[in-house]
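J.: Could you look at this predicted model? Sequence included:
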There are 2 protein chains.
Amino acid sequence: MSAALVKPVLYSYFRSSCSWRVRIALALKGIAYDQEPVNLLKDGGQQFSTEFQVVNPMQQVPALKIDGVTLSQSLAIIQYLEETRPNPRLLPQDLKKRAQARMISDHIVSGIQPLQNLSFLKQVGGEKKLEWAQGSIARGFQALEQILQHTAGRYCIGDEVSIADLCLVPQVYNAERFKVDLAPYPTITRINKALLELEAFQVSHPCRQPDTPAELRA
Amino acid sequence: MSAALVKPVLYSYFRSSCSWRVRIALALKGIAYDQEPVNLLKDGGQQFSTEFQVVNPMQQVPALKIDGVTLSQSLAIIQYLEETRPNPRLLPQDLKKRAQARMISDHIVSGIQPLQNLSFLKQVGGEKKLEWAQGSIARGFQALEQILQHTAGRYCIGDEVSIADLCLVPQVYNAERFKVDLAPYPTITRINKALLELEAFQVSHPCRQPDTPAELRA
C-alpha cells in the first residue's frame, strides 16, 4: 500500500495542549486519522518508554506518522499538513499576516507553554507549581492581548481561522485549568469563545478523545 | 520613501541566541540592516522600557522593522524573510525535509532555549541556575543527537544550510557558556564546527556585534 493511502496515526494525550493544536488542524482539513494514546502520567509517563522513544526521541506528544515519516513538534506538523494538504489554508495568503500568525503561534508555543507544561512543573515541584504556571501564562497573555489589538478580527488574524487560533484555544484551556483570571484579556476571551463554536475545535477537544477518562467526558 | 527602500532595523542583543539566529539569516540572504542594541542587563533590562514595549509588547529581542511592519519571534522573522527574499533558501525544497528542518528548529526554540534563557533563570534564582540550564540543554541535546543521526549530512538536514542550522549554532554557544559537556553529542559538535566556518555565521557572531563589549570582542 502506498504511504499516502495509509491512515495517519497521531500519538496524543487528551489533555496535552500541543496535541490538541494538531487535532484541530487535522479536523479543519478533514484528514481521517487513528489515535494512539500516550498517557503522560501513567507508568511514570509512557512518553519515556523504550517503545515510544523509537517513535519520538524528544519523548513528547504529539507525534504524527504520515506519508511514511514520523513528525513531531506541533507547529512543524501543522505546517507540513499545510504544505501537503493546503485546503482550507491555515496560513493567511498575505505575507505580513502570515508572519503575524506565526509570531503569535511562536509566542504561545515557545514563550508560554514550555513554562507551564507538565514535565517542567514537575521539576519546579511542590507549592510553587501553581504560582509558576499562573505567572507564566499571565505574562504571556498580557503581551498577546496587546498584539491581538493590532491583528485580530473575529479570530487572531482578521476573520479567517489561522495557525495562531490553533495555538490560542488550547492555551486558554490551560489557563482555565490553572485558574488564571482571564478578566484582563477581553480580546483573548472573545476570540476563544468564537473559535469554540466551530466544529473542528469541538471534536478535537480534550473532553472528547478516545483516552479521555469517563469522569472528564462531555 | 517606499517601505522596501528603507533599511531594516534589527533590535538585538549581542549575546541573545534568538537574535543571533536572525542575524545569520540576514547575513546569508545578503540583506543590509541597521542594528538597534537592546541591553538585556542594563537599567534592569532595556527590553522592559516603555519605548521598547511599543516596538515589541513581548519585551524580547529580536524584533525586526522591515517592509513597514515590526515582527518578533525569531522563527516567524526568518520565515518571513524566506517568503519575501527566497534566495538562498533556508527551507529545503523537499516537503518532508522542510518538516524535519522545522521540527529541529522548534525543538531548540521551544524545547531547549526557553528553559535556559536569562529571564527564566532569573526566576529560578540562586545556586540552582547553572544546574537548571545544564539539565535543560543536556536533555534537549540527547534527543537532538538522535534525530540528527537520521537527518544530517554536512549540516542538520543533508548538505544544505537550513533554518535548523540557524538555531543549532547559537544553542551550542549557549551550551558552552553554561559549561555543558559536549562529548556525548559528536554529531551536534561536528555540524556546529562546519557551520562556524561559514562567513554568515562568523559576521553574525556575538563576539562581533556593535554592542559587544570590548573585552569580549574577537
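T.: That came through fine.

J.: residue boundaries of the strands in chain A?
T.: A:9-12, A:34-37, A:63-66, A:69-72 (DSSP state E).

J.: hey, C-alpha coordinates of the first one in PDB?
T.: Yep, that's strand A:9-12 we're talking about. The C-alpha trace of strand A:9-12 is given here as PDB (Å, rounded to 0.1, in the frame of the first residue of the first chain):
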ATOM      1  CA  VAL A   9      -1.500   7.800  13.300                       C
ATOM      2  CA  LEU A  10      -1.500  10.600  15.900                       C
ATOM      3  CA  TYR A  11       0.300   9.800  19.100                       C
ATOM      4  CA  SER A  12      -1.600  12.100  21.500                       C
END
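
J.: close to chain B, is it?
T.: No: using Cβ under 8 Å from any Cβ of the partner chain, strand A:9-12 stays clear of chain B, with a minimum separation of 14.1 Å. For the C-beta atoms, the positions are set from N, CA and C on the backbone; glycine is no exception.

J.: Paired strands for that strand, with orientation please.
T.: Strand A:9-12 pairs in its sheet with strand A:34-37 (parallel), strand A:63-66 (antiparallel), by DSSP bridges.

J.: Most tightly packed of these?
T.: strand A:63-66 (a mean of 26; mean count of other Cβ atoms under 10 Å in any protein chain shown).

J.: what pLDDT, on average, does that one get?
T.: Averaging pLDDT along strand A:63-66 yields 97.

J.: right, and A:S74 touches A:P62 too?
T.: Yes: under the criterion of Cβ atoms under 8 Å, A:S74 lies in contact with A:P62, with a separation of 6.0 Å.

J.: More neighbours: which of the two?
T.: A:S74 (32 against 25; other Cβ atoms under 10 Å in any protein chain shown).

J.: OK, contacts around that one?
T.: Contacts for A:S74 (Cβ atoms under 8 Å, 6 or more residues apart in numbering or on different chains) come out as A:18-19, A:21-22, A:62, A:109, B:106.

J.: For PyMOL, what selects the buried ones among these?
T.: The PyMOL command for the buried members of those (criterion: 16 or more other Cβ atoms under 10 Å in any protein chain shown) is given here:
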select buried, (chain A and resi 18+19+21+22+62+109) or (chain B and resi 106)
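
J.: pLDDT below threshold where in chain A?
T.: A:1-4 (pLDDT under 70).

J.: ranges for the helices of it?
T.: A:17-28, A:50-55, A:74-84, A:95-111, A:118-124, A:128-151, A:163-177, A:186-195, A:199-203 (DSSP state H).

J.: Out of the ones you listed, the one nearest B:C156 is which?
T.: For the helices of chain A, proximity to B:C156 was assessed by Cβ to Cβ; helix A:74-84 is nearest, at 13.2 Å.

J.: Distance from the chain centre to the closest one, please.
T.: 13 Å (Cα atoms, centre = their mean, to the nearest Å).

J.: Name the residues of it that are buried.
T.: A:74-82.

J.: got it, and stretch A:110-126?
T.: For stretch A:110-126, the neighbour count (16+ other Cβ under 10 Å) marks A:110-117, A:120-121, A:124 as buried.

J.: okay, the residues you listed in a markdown table with distance to chain B next?
T.: As requested, these are exported to a markdown table (distance: Cβ to the nearest Cβ, whole Å):
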| residue | distance to chain B |
| --- | --- |
| A:S110 | 4 |
| A:G111 | 7 |
| A:I112 | 9 |
| A:Q113 | 7 |
| A:P114 | 4 |
| A:L115 | 6 |
| A:Q116 | 11 |
| A:N117 | 10 |
| A:F120 | 7 |
| A:L121 | 12 |
| A:V124 | 9 |
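
J.: Closest one of those to B:L196?
T.: Checking the buried residues of stretch A:110-126 against B:L196 by Cβ to Cβ gives A:S110 as the nearest, at 24.4 Å.

J.: Excluding residues flanking it in the chain, which one is nearest that closest one?
T.: Of all residues not flanking A:S110 in the chain, B:S110 sits nearest, at 3.7 Å (Cβ to Cβ, 6 or more residues apart in numbering or on different chains).

J.: residues touching that neighbour, list them.
T.: B:S110 sits in contact with A:73, A:106, A:109-110, A:113-114, where contact means Cβ under 8 Å, 6+ apart.

J.: repeat that with 7 Å
T.: By Cβ atoms under 7 Å, 6 or more residues apart in numbering or on different chains, the contact set of B:S110 is A:109-110, A:114.

J.: Using a markdown table, lay out those residues together with distance to A:F48.
T.: Below are those laid out as a markdown table (distance: Cβ to Cβ, whole Å):
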| residue | distance to A:F48 |
| --- | --- |
| A:V109 | 22 |
| A:S110 | 23 |
| A:P114 | 18 |
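
J.: B:L26: which of those is nearest?
T.: A:S110 (20.4 Å).

J.: Show me chain A divided up by domain.
T.: For chain A, automatic domain parsing gives the domain ranges A:7-88, A:95-201.

J.: Start and end of the shortest one, how far apart?
T.: Read it as domain A:7-88. Domain A:7-88 has an end-to-end distance of 19 Å (Cα to Cα, to the nearest Å).

J.: Ends of stretch A:85-104, what's the gap?
T.: Taking Cα to Cα, the first and last residues of stretch A:85-104 lie 22 Å apart.

J.: And it, how far out from the chain middle?
T.: The chain centroid and the centroid of stretch A:85-104 are separated by 16 Å under Cα atoms, centre = their mean.

J.: Give me the buried positions along it.
T.: A:85, A:89-92, A:96-104.

J.: Quick one: name the residues of chain A near chain B.
T.: A:57-59, A:69, A:71-73, A:75-76, A:79-80, A:83-84, A:95-96, A:98-99, A:102-103, A:106-107, A:109-111, A:114-115, A:120, A:143, A:146-147 (Cβ under 7 Å from any Cβ of the partner chain).
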